[in-house]
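> Pasting a predicted model and its sequence here:
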Amino acid sequence: EDQVTQSPEALRLQEGESSSLNCSYTVSGLRGLFWYRQDPGKGPEFLFTLYSAGEEKEKERLKATLTKKESFLHITAPKPEDSATYLCAVSSAGGTSYGKLTFGQGTILTVHP
Amino acid sequence: DGGITQSPKYLFRKEGQNVTLSCEQNLNHDAMYWYRQDPGQGLRLIYYSQIVNDFQKGDIAEGYSVSREKKESFPLTVTSAQKNPTAFYLCASSLVGRDTQYFGPGTRLTVL
């Protein structure tokens, strides 16, 4: 069974204080790892898809990296508008549920001005 | 603009009632999904469909039903058999063969 664990559950930063969110996963053959941002009361917004270990993707202050066991979402010099819940998900090559994503519980990021 | 719409945004249900949540997409995606989100938990898959007139149960399908009569539409019915239906419901879609899913704005269902 695929499993995704995100840490920490909540992270409070000062504006400009860089940090990282962690996503550890266990899958039977990784097809893809996905990062989403979710604002309160809204649907998740797609950020990145990573497919293989060593891959990196960037978008503004966010950078996602992938190893064989985990992914990191690095936030450089965050601003208050980066405050949100960040979700990690994986899809696997195993099983019969083609295209199914398994989600972690999310990390709640709060950036104080 | 292409996207996914869900309606209504808020829905209130009395005990014993069935309610239907709407999901429409104009992204020309073949696959559509329904998730349930509860506080402190990850999204859990209810049903998914990869083609018109075909759908499969996800991890928590009991008490829910779906139909897929059109490519653009994937309505979810929450039946009276669902014992704890209060939650945030999210619809998503993707291209078949591409696992990246795009989400709608969600419907918050509350049982009175």
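The structure has been received and is ready for your questions.

> quick one: the residue nearest the centre of chain B from residue B:46, how far?
The central residue of chain B, meaning the one whose C-alpha is nearest the mean C-alpha position (C-alpha atoms, centre = their mean), is residue B:34 at 3.0 Å. Counting by C-beta to C-beta, to the nearest Å, the separation of residue B:34 from residue B:46 is 4 Å. (Glycine included, C-beta is placed from N, CA and C.)

> which residues are common contacts for these two?
Taking C-beta atoms under 8 Å, 6 or more residues apart in numbering or on different chains as the contact rule, residue B:34 and residue B:46 both touch B:58, B:64, B:66, B:76, B:89.

> ok, and which of those residues reach chain A?
Judged by C-beta under 8 Å from any C-beta of the partner chain, the overlap between the shared contacts of residue B:34 and residue B:46 and the neighbourhood of chain A comprises residue B:58.

> And the shared contacts of residue B:34 and residue B:46, which two are furthest apart?
Looking at those by C-beta to C-beta, the two members farthest from one another are B:58 and B:89, with 12.6 Å of separation.

> okay, and the common contacts of these two?
Contact with both residue B:58 and residue B:89 is made by residues B:34, B:46, according to C-beta under 8 Å, 6+ apart.

> between these two, which one's more packed in?
Using other C-beta atoms under 10 Å in any protein chain shown, the more surrounded residue of residue B:58 and residue B:89 is residue B:89, with 22 against 18.

> In contact with that one, which residues?
For residue B:89, the contact set (C-beta under 8 Å, 6+ apart) comprises B:6, B:21, B:34-37, B:46, B:76, B:78, B:106-109.

> Could you dump those into JSON lines and include pLDDT and secondary structure?
Written out in JSON lines, the entries for the contacts of residue B:89 read as follows (pLDDT from 0 to 100; DSSP: H, G, I helix; E, B strand; the rest coil):
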{"residue": "B:6", "pLDDT": "98", "secondary structure": "strand"}
{"residue": "B:21", "pLDDT": "97", "secondary structure": "strand"}
{"residue": "B:34", "pLDDT": "97", "secondary structure": "strand"}
{"residue": "B:35", "pLDDT": "97", "secondary structure": "strand"}
{"residue": "B:36", "pLDDT": "97", "secondary structure": "strand"}
{"residue": "B:37", "pLDDT": "97", "secondary structure": "strand"}
{"residue": "B:46", "pLDDT": "96", "secondary structure": "strand"}
{"residue": "B:76", "pLDDT": "98", "secondary structure": "strand"}
{"residue": "B:78", "pLDDT": "96", "secondary structure": "strand"}
{"residue": "B:106", "pLDDT": "97", "secondary structure": "coil"}
{"residue": "B:107", "pLDDT": "98", "secondary structure": "strand"}
{"residue": "B:108", "pLDDT": "97", "secondary structure": "strand"}
{"residue": "B:109", "pLDDT": "96", "secondary structure": "strand"}
